[in-house]
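Participant: here is my input; please provide its structure:
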Amino acid sequence: MRILQSKIAIKINTEVYKKDPLSSDLGEKILRKSVEFIEEIGFEDFTFRKLAQRINSTEASIYRYFESKHNLLAYLTMWYWSWMEYRVFIKTLNIEDPKTRLRNAITCLTEEIKEDVEVQQIDESKLNRVVIMESSKVYMSKKVDQNNESGFFLAYKDLVQRVANIILEINSSYKYPHMLVSTIIEGAHHQRFFADHLPRLTDIVQGEDAVTTFYTQLAERELSIEK
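Facilitator: Predicted coordinates for the structure are as follows:
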């Protein structure tokens, strides 16, 4: 886990940035405002020039931190996956029963995200919406293999592995632990998006977080977990 738990500071692969944005006030401002701006206008319309105007800086100053907006988005998604792994770690800590740990982990992966007051750099609820809308652009690209070799996706892989390990504790012969975890993560994101924009593609149940309930039940049925 690439997390300093005492300060909830998250380490990001150095390949993705030119200068650590957490090393300066400007860098932190770039992160905060880029999350807000991408959520507001979408990644396609987002540019460093527009961001520079938003933060009263220069386009060149942003390029000192990131060589492209693709790398900035990769940084934000890495941060999100590392933060999510930290949440799963905390929610499963000191729980002996792996079935309970799995349910807690699935809740972390699928629930509606609220802002974490312990973390100052980024609004996690807004970043969650950016990840839902835009994170696939990080790996659905022609450079995916090159970026993979550079470690762009290690944080996501680590998160999936952490939950897959719990699944294997429950059923060591289960053949598809990583597939199940990544399906839960990506599927939950799709269902959250559908609920907000295309509700006829999902099911909204009054008084229930249908997304978390559905994926918890899906995993339990797949693993034949009894209540």
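
Participant: could you use CA atoms for every contact and neighbour count after this?
Facilitator: Fine.

Participant: residue contacts, the nearest residue to I95 once chain neighbours are set aside?
Facilitator: The spatially closest residue to I95, leaving aside those adjacent along the chain, is R101, at 6.4 Å (Cα to Cα, 6 or more residues apart in numbering). Each residue near R101 by Cα atoms under 8 Å, 6 or more residues apart in numbering is listed here: K91, T92, I95, I166.

Participant: could you list which of those residues belong to helices?
Facilitator: K91, T92, I166 (DSSP state H).

Participant: one step back: on the three-state scheme, the residue nearest to I95 is what?
Facilitator: Under the three-state scheme (DSSP: H, G, I helix; E, B strand; the rest coil), R101 adopts helix.

Participant: per-residue confidence at it?
Facilitator: You'll see R101 listed with a pLDDT of 98.

Participant: what's the answer for S224, then?
Facilitator: 88.

Participant: do you know how far it is from I170?
Facilitator: For S224, the distance to I170 (Cα to Cα, to the nearest Å) stands at 10 Å.

Participant: pick out whichever of those two has more residues nearby.
Facilitator: Each of S224 and I170 has its neighbours counted (other Cα atoms under 10 Å); I170 has more, 17 against 12.

Participant: residue boundaries of the helices in the chain?
Facilitator: Counting by DSSP H, the helices of the chain are 25-41, 48-54, 59-63, 69-92, 98-110, 124-134, 136-139, 144-149, 154-170, 177-197, 210-222.

Participant: would you mind measuring from E67 to A60?
Facilitator: E67 is 10 Å from A60, by Cα to Cα.

Participant: go on, N104?
Facilitator: Taking Cα to Cα, one finds N104 at 44 Å from A60.

Participant: who's more crowded, those two?
Facilitator: For N104 versus A60, neighbours defined as other Cα under 10 Å are more numerous around N104 (19 against 12).

Participant: how about the contacts made by that one?
Facilitator: By Cα under 8 Å, 6+ apart, the contact set of N104 is V88, K91, T92.

Participant: contacting residues around the last one?
Facilitator: Put plainly, it is T92. R101, L102, N104, A105.

Participant: brilliant, that's me finished.
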